[in-house]
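Trainee: this is a predicted model, with the sequence first.
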There are 2 protein chains.
Amino acid sequence: MHALTHAEITQACTLLPHWQLHAEGNALQREFVLGDFMQAFAFMTHIALAAEKHNHHPEWRNVYNRVHITWTTHDAKGLTQRDITMAQLCDQVYAAGRS
Amino acid sequence: MHALTHAEITQACTLLPHWQLHAEGNALQREFVLGDFMQAFAFMTHIALAAEKHNHHPEWRNVYNRVHITWTTHDAKGLTQRDITMAQLCDQVYAAGRS
């Protein structure tokens, strides 16, 4: 899977307003704040199952109710459509949990 | 729960040879290497359930098959017996998964 071009990244980011593009343009990062640890880990579990299904895994950290997620594609040394897809999926899972 | 004394920490660390004591003596850290993401997340799930049960939660990060865990007790501004207990539990879960 090819790394997205600058133009493709710019376009994709319009769909991901809560994500921060790393200065080098090779990673997307967002911190999610849940209600407590149980909710945070439930959120992570949902993402983990999807990650395994898509065979594309996050770099992430968790402290109690906070989950910080980074999407990047090491093989492509940049962002790929997979990262965009997974970032959108995170947003959807997060929104569903709060609705 | 009171912060452990230097002597208590030294004694506890003899039981936790794979853990690194933070320079300030207020945290224990270890990186666990599993077979793949699925195994890493299964390991994390086991720890998460125990953490919730003990009401003492880790600071941790995961990249594919690696899980880096930090135990500290913010309320006590140091290490407490809870951190020692949870670090030992991590070792036990890890060992059980590899036996």
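Mentor: Yep, that arrived.

Trainee: hey, let's count contacts and neighbours off CA atoms from now on
Mentor: Will do.

Trainee: okay, now the nearest residue to A:Ala3 once chain neighbours are set aside: neighbour count?
Mentor: Spatial nearest neighbour of A:Ala3, chain neighbours left out: A:Thr80 (4.8 Å); criterion: Cα to Cα, 6 or more residues apart in numbering or on different chains. Using other Cα atoms under 10 Å in any protein chain shown, A:Thr80 is surrounded by 23 other residues.

Trainee: residue contacts, A:Thr80?
Mentor: Residues in contact with A:Thr80, defined by Cα atoms under 8 Å, 6 or more residues apart in numbering or on different chains, are A:Met1, A:His2, A:Ala3, A:Leu4, A:Thr72, A:Thr73.

Trainee: distance check, it against chain B.
Mentor: Look at A:Thr80 and chain B: by Cα to the nearest Cα, to the nearest Å, they are 18 Å apart.

Trainee: residue nearest the centroid of chain A?
Mentor: Nearest to the mean C-alpha position of chain A, counting by Cα atoms, centre = their mean, stands A:Ala87 at 3.4 Å.

Trainee: before we move on, what SS does the closest residue to chain B within chain A have?
Mentor: Nearest residue of chain A to chain B (Cα to the nearest Cα) works out as A:Arg61 at 3.9 Å. Classification of A:Arg61 by DSSP: H, G, I helix; E, B strand; the rest coil places it in strand.

Trainee: from the contacts of A:Thr80, which is closest to A:His56?
Mentor: A:Thr73 (8.3 Å; Cα to Cα).

Trainee: for chain A, what spans make up the helices?
Mentor: A:6-13, A:37-54, A:81-98 (DSSP state H).

Trainee: show me what the shortest one is packed against.
Mentor: For helix A:6-13, not one helix or strand is in contact under the criterion 3 or more Cα pairs under 8 Å, 6 or more residues apart in numbering or on different chains; DSSP states H and E.

Trainee: next one: the second one
Mentor: Applying 3+ Cα pairs under 8 Å, 6+ apart, one finds that helix A:37-54 contacts strand A:66-71, helix A:81-98, helix B:37-54.

Trainee: re the thing from before, model confidence for the residue lying closest to the residue of chain A closest to chain B once chain neighbours are set aside, exactly?
Mentor: Setting aside the residues directly before and after it, A:Arg61 is nearest to B:Arg61 in space (Cα to Cα, 6+ apart), at 3.9 Å. Listed pLDDT for B:Arg61 reads 98.

Trainee: hey, what's B:Arg61 bridged with?
Mentor: A:Arg61, B:His68 (DSSP bridges).
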